[in-house]
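**Student:** Below: sequence and its predicted model.
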Amino acid sequence: MVRDPQRPASSWNGRMSRWFSAPISERASASEWLVVLAAALALALAYASPLFATWSNWGQRDWDQHLSYHAVPYRTVVEYGQFPLWNPYVCGGMVMHANPQARVLSPFFPLHLAFGFLAGIKLEIIAHLILGLVGAYALGRYILRSRTGAAVTALVFMLNGMYSQALAGGMTWFLSVAYVPSTFLCLLWSRRSVMWAWGAGASLALVFFCGGAYVVVVTITGMAIYALADAWRHRHAGMLTRTGLSVVAMLGLGAVKFAPAMTFVGESPRKISDYSGYSVAGLYASLFSPDTTSVFDDSAEGLWHGYSYGADENSMYVGVLAAILFVLGVAIKHEQRFAWLAVLLGALWLCLGDRPPLSAWRLLHELPVFDSMRVAQRFRIVMMLAFAMLCGIGAANARTLAVRRFQRARWPGLAGLLVLCGLTADLVITNRSAFAGAFATPRIENLTPGAFRQLEGTRTAMLPAVLRNLGSVACYESSNVTAAAIPGEAASYPGEVFLSGTTGRVDTIRWSPNHLRFKVTVDGSGQVVVNQNADSGWIVEQGNKITRVTCRPGKCEPVRHGVLGIDVPAGESWLDVVYRPRSFFIGLAISIASVLALVASALWQAAWRRRSSLHGT
């Protein structure tokens, strides 16, 4: 029996070459998605494998801050049975859920409750790698109709140095980058049905739930650039309209987080004026230098040389092979090339930050929301998605041209497989090393919690304080929080609850993050003072007035930023002081109404389509 020379051999190489070379339909089969999921799992485990060697360790750099963000919600739910609205442990007390970097509503929060916050966050790193790889593959698959191009898109976007370096530095909000490809995919699907604009909005809301306030702003900026390019090319503003609808949907569906976060930002605004941005040398090093330990050490200003911040804010190593595919993607005609090239160039201009003479970053930084952002290089998130898409375009079209040139599918398929293997090896081996030193701090054992009190603390040891049930007045926090609480080491420290303007006794019956209960017996009217920062969300269930005060020995005075002062009458009384911010419940109501509107709209559209099909229209 003579084998057909046009038919690949029945071997692993033959089967793989057929899989990457065979013509494919627009919709991927179930078996294809099983292969993609299995490959994503294997790649995620390989990429994040250094985590397993230090599984029980704490992290360095920003990890102390961000692990405390996860330890507080864990303790609040597990030990006190409360939703994590307030964080008494940081900066003398501040919001928890409303903190833009908090991740209480992450769909992976149950992992923390099941396995503990330390194992939970490491499992999230792996889970989000899988999500990002699958989402980027789906985006590439939809646009390119090519398995090879889709695979290249996924590899370049999720396995470049951006993800590993940012998380190695402790920036857990970077996990939400995994949802960016899905957001763009829903936006593109909205061409078929406007309902998918709601999907893009839901994806953006999920990004914010996962602590990605920066990622939301960066992604919307990238979507706007894409929509403008699409409108220019097609002379139609439909994509701009659907982008606007996505933002409205995001605000509605995510109001349970947005409303309290905006209230918090309004009460604690910050204006950032840091010098940042890629220089030409910095951009080249970030893309092609595997050495991230010493390269980012030149703080010179200007367009050509110098670096702003370290590897966690700059690195996005892709290597030479990805660069070749990118050049092919730019050179070869494709209907999506113009829009993604516009996103790449627009994001690159923003990434240059303060360095070029005409700075898009400086202009954008004058606008609300953008004026509180720092580090222009964070726009590399959408820049790298565009870069990855252009790499995918290059890989897909190179395979198509090779099939036409050689008149057979096997050899281009094998070549595509070799390119994928080489690209994967380069990205995984180079960028996984960042995780090796991320969790190098041995965990402190036997941190026995006691009665809560505020201590001076340190900016780099907030997590041990949380686990000992202690507050850190000296804290590291990116938001503009004024710590008014008095630390226990101070000579004027009066205790965590005390009387002002009267004499008597106050007993703490219950202490928890969201609920404090006191029994008060005083000789005359005065105030009960709680040594935690005041916030508009604190109320007294008995109706007593709350004042923000600052206290010196023997006297407390009203101030703008102070601790909780609660008016009490003479005699015996009970006080239930609860943290119940109105913005949370307003946002919750808006989110519920938005979900109901989304469901009703989907049902109405399905019924309309059913009626149309029955009537043959």
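**Tutor:** Structure received.
**Student:** Please make it C-alpha for all contacts and neighbour counts, starting now.
**Tutor:** OK.
**Student:** now the longest helix anywhere in the chain: how far from the chain's centre is it?
**Tutor:** For the chain, the longest helix by residue count, based on DSSP state H, is helix 582-614. The chain centre lies 26 Å from the centre of helix 582-614; the measure is CA atoms, centre = their mean, to the nearest Å.
**Student:** what does stretch 89-107 give?
**Tutor:** 14 Å.
**Student:** likewise stretch 542-554?
**Tutor:** 37 Å.
**Student:** buried stuff in it?
**Tutor:** Neighbour counts over stretch 542-554 (16 or more other CA atoms under 10 Å) mark Asn544, Ile546, Thr547, Arg548, Val549, Thr550, Cys551 as buried.
**Student:** Roughly how far does the second one sit from Pro494?
**Tutor:** For Ile546, the distance to Pro494 (CA to CA, to the nearest Å) stands at 19 Å.
**Student:** where along the stretch 51-200 of the chain do the helices fall?
**Tutor:** Taking DSSP state H, counting those that start in this stretch as the criterion, the stretch 51-200 of the chain carries its helices at 63-80, 109-115, 117-144, 147-159, 161-168, 180-189, 195-209.
**Student:** Lowest-confidence one in the buried residues of stretch 542-554?
**Tutor:** Across those, the member with the lowest pLDDT is Cys551, scoring 87.
**Student:** which SS class is that residue?
**Tutor:** strand (DSSP: H, G, I helix; E, B strand; the rest coil).
**Student:** Tell me who's in contact with it.
**Tutor:** Cys551 sits next to Glu557 when contact means CA atoms under 8 Å, 6 or more residues apart in numbering.
**Student:** beta partners of it?
**Tutor:** Cys551 forms beta bridges with Cys556, as assigned by DSSP bridges.
**Student:** which among the buried residues of stretch 542-554 gets closest to Cys210?
**Tutor:** Using CA to CA, Arg548 is the member of the buried residues of stretch 542-554 that lies nearest Cys210, at 31.6 Å.
**Student:** so that closest one sits in a strand?
**Tutor:** Yes: judged by three-state DSSP, Arg548 forms part of a strand.
**Student:** so where do the helices sit in the stretch 451-600 of the chain?
**Tutor:** 462-467, 582-614.
**Student:** weakest of these in terms of mean pLDDT?
**Tutor:** For these, where the average pLDDT is lowest is helix 582-614, sitting at a mean of 88.
**Student:** Which strands or helices does that one pack on?
**Tutor:** helix 238-253, helix 255-267 (3 or more CA pairs under 8 Å, 6 or more residues apart in numbering; DSSP states H and E).
**Student:** Could you check the angle it makes with helix 195-209?
**Tutor:** 160 degrees (axes from the mean of the first three to the mean of the last three CA atoms, to 10 degrees).
**Student:** List the buried residues for helix 582-614?
**Tutor:** Buried-residue list, helix 582-614, by 16+ other CA under 10 Å: Ser583, Phe584, Gly587, Leu588, Ala589, Ile590, Ser591, Ile592, Ser594, Val595, Leu598.
**Student:** Taking their axis directions, the longest helix of the chain and helix 238-253 sit at what angle?
**Tutor:** 130 degrees.
**Student:** Next, the contact list for the residue nearest to Ala249 when sequence neighbours are not counted, please.
**Tutor:** Nearest residue to Ala249 in three dimensions, chain neighbours excluded: Gly201, at 4.8 Å (CA to CA, 6 or more residues apart in numbering). Contacts for Gly201 were tallied using CA under 8 Å, 6+ apart; they are Thr183, Leu245, Ser246, Val247, Val248, Ala249, Met250, Leu251, Leu253.
**Student:** Next: Asp291.
**Tutor:** Contacts of Asp291 (CA under 8 Å, 6+ apart): none.
**Student:** Unless I misread the structure, it falls within a strand.
**Tutor:** No: counting by three-state DSSP, Asp291 falls outside a strand, being coil.
**Student:** Find me the pLDDT at it, would you?
**Tutor:** Asp291 is given a pLDDT of 75.
**Student:** Please enumerate the strands of the stretch 451-600 of the chain.
**Tutor:** In the stretch 451-600 of the chain, the strands defined using DSSP state E, counting those that start in this stretch lie at 453-455, 470-472, 497-500, 504-511, 515-522, 526-533, 538-540, 546-552, 555-558, 563-568, 571-579.
**Student:** Who are the packing partners of the first one?
**Tutor:** Counting contacts by 3+ CA pairs under 8 Å, 6+ apart, the secondary-structure elements packed against strand 453-455 are strand 470-472.
**Student:** what bits of the stretch 151-300 of the chain have low per-residue confidence?
**Tutor:** 292-295, 297 (pLDDT under 70).
**Student:** One more pass at 50, please.
**Tutor:** Along the stretch 151-300 of the chain, no part satisfies pLDDT under 50.
**Student:** quick one: stretch 261-275 to chain centroid distance?
**Tutor:** Using CA atoms, centre = their mean, the offset of stretch 261-275 from its chain centre is 18 Å.
**Student:** who touches stretch 449-467?
**Tutor:** Here stretch 449-467 has contacts from 64-65, 67-68, 71-72, 89-90, 92, 444, 447-448, 468-476, 485-489, 495-496, 531, using CA under 8 Å, 6+ apart.
**Student:** that older thread, tell me which of the helices of the stretch 451-600 of the chain lies nearest to Ala360.
**Tutor:** helix 582-614 (33.2 Å).
**Student:** Tell me what angle that closest one forms with helix 255-267.
**Tutor:** Using the same axes, to 10 degrees: helix 582-614 against helix 255-267 is 140 degrees.
**Student:** give the contact list for Val497.
**Tutor:** Val506, Thr508, Val528, Val529, Val530, Asn531.
**Student:** between those, which is nearest Arg103?
**Tutor:** Asn531 (26.2 Å).
**Student:** The closest one contacts Leu564, correct?
**Tutor:** Yes: counting by CA atoms under 8 Å, Asn531 touches Leu564, with 6.8 Å between them.
**Student:** hang on, the earlier thing: now distance to Lys519 too, for the helices of the stretch 451-600 of the chain, in a markdown table please.
**Tutor:** Compiled in a markdown table, the helices of the stretch 451-600 of the chain are given as follows (distance: least, CA to CA, whole Å):
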| stretch | distance to Lys519 |
| --- | --- |
| helix 462-467 | 26 |
| helix 582-614 | 26 |
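**Student:** out of those, which comes closest to Ala150?
**Tutor:** Here helix 582-614 is closest among the helices of the stretch 451-600 of the chain (CA to CA), at 29.3 Å.
**Student:** From Gly488, how far off is Thr503?
**Tutor:** Thr503 is 22 Å from Gly488, where distance means CA to CA.
**Student:** which residues sit in contact with Leu228?
**Tutor:** Ala237, Met239, Leu240.
**Student:** That one is in what secondary structure piece?
**Tutor:** Taking DSSP states H and E as the criterion, Leu228 maps to helix 213-234.
**Student:** Show me which residues of that helix are buried.
**Tutor:** Applying 16+ other CA under 10 Å to helix 213-234 flags 213-231 as buried.
**Student:** Alpha carbons only: can I get it in CSV?
**Tutor:** As requested, the backbone C-alpha atoms of helix 213-234 are provided in CSV (Å, rounded to 0.1, in the frame of the first residue of the first chain):
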residue,chain,number,x,y,z
ALA,A,213,-8.6,50.2,39.0
TYR,A,214,-5.6,51.0,36.9
VAL,A,215,-6.4,48.2,34.5
VAL,A,216,-9.9,49.5,34.0
VAL,A,217,-8.7,52.9,33.0
VAL,A,218,-5.9,51.6,30.8
THR,A,219,-8.3,49.1,29.1
ILE,A,220,-11.0,51.7,28.4
THR,A,221,-8.3,54.0,26.9
GLY,A,222,-7.2,51.1,24.6
MET,A,223,-10.8,50.4,23.7
ALA,A,224,-11.4,54.1,22.9
ILE,A,225,-8.3,54.1,20.6
TYR,A,226,-9.5,50.9,18.9
ALA,A,227,-13.0,52.3,18.4
LEU,A,228,-11.6,55.6,17.0
ALA,A,229,-9.4,53.6,14.5
ASP,A,230,-12.3,51.4,13.6
ALA,A,231,-14.6,54.5,13.0
TRP,A,232,-11.9,56.1,10.8
ARG,A,233,-11.4,53.0,8.7
HIS,A,234,-15.1,52.2,8.2
